[in-house]
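Engineer: Dropping the sequence and predicted coords here.
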Amino acid sequence: MEIRRKATAGTMQSSDLLVTVEPARDLEVRIESTVKQQFEHLIRARVEDTLRRHGVVAGLITISDRGALDYAIEARVEAALRRAGEA
Amino acid sequence: MSHAVPLVTSRDIESARRLIESQRLSFEVPFDNLIGIHEGGRLVATAARSGFVLKMFAIDEAYQGGALLGALATELVGLGRAAGHDTFFVFTRPEHAGAFEQINFRLLASDGPVALLEYGGGLEAYLAAHAHLRRPGRNGAVVANGNPFTLGHLYLVESSARQVDTLYLFVVTEDRSVFPFAVRYRLAEQSTSHLRNVAMLETSRYAVNAAVFPSYFLKQRDEAALAQMRIDLRLFGAHLAPAFDITARFVGHEPSCETTAAYNQVMAEVLPEHGVALVEIPRLEDESGFISATRVRDALARGDFDTLAALVPRPTLAFLRSPEGAAIAARLTSSATRS
């Protein structure tokens, strides 16, 4: 799918994350997290996996995480993508 | 879960004011959004947004340390993004910086009663966008508003450029001046184009303008000017200077003006702590005194182009003679007659 417009999903609450997706030429994932040192690679893997499943090849994805679990990461990224792709 | 809602009725706004004042903060207009969270019909948390600045966070003591700060920030960032901003500042007391860092704000600078934090990675993006201007060496900086660019500015830039490998000329982006940013930038650029070692850039939001600096968290309103100045210098010293190898900041020396003298004294105190020397350059004078943008605006309001020709470089003069310049002159003239 294609990211047509800027969209967000999630919150800044503990155990949640705020995802922003916006159109861009290349695909880039930026991650801010209170648990960045220990878990950035895991968060990134989960985000990239979700992007791949939705066939996203371009866009700037910004994650602001507060220790969210995998299913929350997937759900928030997917919600942001759907909002960004709606006609 | 408690949800933040806009506070619009005068009763809600009054509750917000009481909550803010109960925490020894001041209720400060203007704002674009004022939001709050209610528990059992009572307002327990509030915060506001003014442009890209989030302010007046106040949470009832019984509810602090929980989820309310995150709920307020989420809502304000959402509203701010809808209004076209993607990076946000919060100015607060240093003891509250940690709570904001917990929700992924980044501490940019701290000085005395003020901490400045950012949400949204704007500083990184700003530095990355200007990384192509980086030149290794002994570099200097001039920060100017240029409202508009005068021979005084040019003299400062030329004198400074001679003393360094690369001189970065930062033009203040914040648009609170008669001459809009695009014009101020263009005239500075055209007027200095003969100087090979001058690199131009805009300050973006990384020059803390008095107009965006909130004072709701200060005990005394008259602390605001000094606090704003100091946090601006810390931000410059800690983030902009190291990114461009800047070890000297050049300013015009003006013995007769108290405000400028006070500002330069604060600079001389703060900047060296960040490895940046303050270098004062005597200001350019003619028989009527220092050449300043104020004199240029006065002459423009009078339509006195003979005087203008002696005060500004050719690109500025050409602009002032253009229809766009005439429109600005007309605004200056009408405000001069009104006052």
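Structural biologist: Good, I have the coordinates. Numbering: from 1, shown residues only, chains lettered A, B, ... in the order given.
Engineer: near chain B, which residues of chain A?
Structural biologist: Applying CB under 8 Å from any CB of the partner chain, one finds that chain A approaches chain B through A:6, A:8, A:11-14, A:18, A:20, A:30, A:32-34, A:62, A:64-66. The C-beta positions use only the backbone N, C-alpha and C, and glycine is treated the same way.
Engineer: For these, work out which two are farthest apart.
Structural biologist: A:Lys6 and A:Ser14 (25.2 Å; CB to CB).
Engineer: Which one's more surrounded, those two?
Structural biologist: Using other CB atoms under 10 Å in any protein chain shown, the more surrounded residue of A:Lys6 and A:Ser14 is A:Lys6, with 18 against 14.
Engineer: What residues does the closest residue to chain A within the stretch 201-339 of chain B make contact with?
Structural biologist: Here the residue of the stretch 201-339 of chain B nearest chain A is B:His239; by CB to the nearest CB that distance is 16.9 Å. By CB atoms under 8 Å, 6 or more residues apart in numbering or on different chains, the contact set of B:His239 is B:108-109, B:123, B:127, B:206.
Engineer: Go through the residues you listed and flag which are in helices.
Structural biologist: Among these, the ones falling in helices (DSSP state H) are B:123, B:127.
Engineer: Of the contacts of B:His239, which is the nearest to chain A?
Structural biologist: So of the contacts of B:His239, ranked by how close each gets to chain A (CB to the nearest CB), first place is B:Leu123, at 12.4 Å.
Engineer: residue contacts, the residue nearest the centre of chain A?
Structural biologist: Here the mean C-alpha position of chain A is nearest to the C-alpha of A:Val77 (CA atoms, centre = their mean), at a distance of 4.1 Å. The contact partners of A:Val77, by CB under 8 Å, 6+ apart, come to A:9, A:19, A:21, A:47, A:50-51, A:61.
Engineer: same thing with B:Leu76?
Structural biologist: The contact partners of B:Leu76, taken as CB under 8 Å, 6+ apart, are B:4, B:33, B:35, B:47-49, B:54, B:88.
Engineer: cool, B:Gly70 as well?
Structural biologist: A:11-14, A:66, B:103.
Engineer: from the residues you listed, which ones fall inside strands?
Structural biologist: Applying DSSP state E to these, no entry is found in strands.
Engineer: Are any of those buried, and if so which?
Structural biologist: Judged by neighbour count, with 16 or more other CB atoms under 10 Å in any protein chain shown as the criterion, the buried members of the contacts of B:Gly70 are A:11-13, A:66, B:103.
Engineer: returning to what we had before: can you flag which of the contacts of B:Leu76 belong to strands?
Structural biologist: Among the contacts of B:Leu76, the residues falling in strands (DSSP E) are B:33, B:35, B:47-49, B:54, B:88.
Engineer: Name the SS class of residue 73, please.
Structural biologist: Using chain A here. helix (DSSP: H, G, I helix; E, B strand; the rest coil).
Engineer: ah, no, chain B please
Structural biologist: At B:Ala73 the chain is in helix, as set by three-state DSSP.
Engineer: any idea how far it lies from B:Ser2?
Structural biologist: 13 Å (CB to CB, to the nearest Å).
Engineer: just B:Val164 next, same as before
Structural biologist: Note on B:Val164: its distance to B:Ser2, by CB to CB, is 54 Å.
Engineer: if you count what's nearby, which of those two comes out ahead?
Structural biologist: B:Val164 (21 against 15).
Engineer: I'd guessed the more buried one sits against B:Val142; true?
Structural biologist: No: no contact is recorded between B:Val164 and B:Val142 when judged using CB atoms under 8 Å, the distance being 10.2 Å.
Engineer: Looking at B:Arg81 now. What's its pLDDT?
Structural biologist: Looking at B:Arg81, its pLDDT is 93.
Engineer: from memory it sits against A:Arg5, does it?
Structural biologist: No: with contact defined as CB under 8 Å, B:Arg81 does not count as touching A:Arg5 (11.7 Å).
Engineer: Comparing those two, which residue is more hemmed in?
Structural biologist: When neighbours are counted by other CB under 10 Å, B:Arg81 comes out ahead of the other of B:Arg81 and A:Arg5, with 18 against 11.
Engineer: State the distance from the more buried one to B:Pro214.
Structural biologist: Counting by CB to CB, the gap between B:Arg81 and B:Pro214 amounts to 20 Å.
Engineer: Could you check how many residues crowd around residue 9?
Structural biologist: Here I'm looking at chain A. When neighbours are counted by other CB under 10 Å, A:Ala9 comes out with 19.
Engineer: Can you look at chain B instead?
Structural biologist: The tally of other residues near B:Thr9 (other CB under 10 Å) stands at 9.
Engineer: Repeat that for A:Glu22.
Structural biologist: Other residues within reach of A:Glu22, judged by other CB under 10 Å, total 18.
Engineer: all strands in the stretch 101-250 of chain B, in order from the N-terminus.
Structural biologist: Using DSSP state E, counting those that start in this stretch, the strands assigned to the stretch 101-250 of chain B run over residues B:106-111, B:114-119, B:139-144, B:167-171, B:198-202, B:246-253.
Engineer: tell me the average confidence for the longest helix belonging to chain A?
Structural biologist: When every helix of chain A is counted residue by residue (DSSP H), the longest turns out to be helix A:36-53. In this model, helix A:36-53 has an average pLDDT of 95.
Engineer: got the buried residues for that helix?
Structural biologist: By neighbour count on 16+ other CB under 10 Å, the buried set for helix A:36-53 is A:39, A:43-44, A:46-47, A:50-51.
Engineer: cool, and stretch A:18-26?
Structural biologist: Across stretch A:18-26, burial judged by 16+ other CB under 10 Å covers A:18-22.
Engineer: re earlier: relative to B:Glu158, which of the contacts of A:Val77 is nearest.
Structural biologist: Distance from B:Glu158 was checked for each of these by CB to CB. The minimum falls on A:Ile61, at 45.8 Å.
Engineer: A:Thr20 is in contact with that closest one, correct?
Structural biologist: Yes: counting by CB under 8 Å, A:Ile61 does reach A:Thr20; the two are 7.4 Å apart.
Engineer: The longest helix of chain A packs against which elements?
Structural biologist: On a contact count with 3 or more CB pairs under 8 Å, 6 or more residues apart in numbering or on different chains; DSSP states H and E, helix A:36-53 meets strand A:27-33, strand A:59-65, helix A:70-85.
Engineer: Many thanks, we can stop here.
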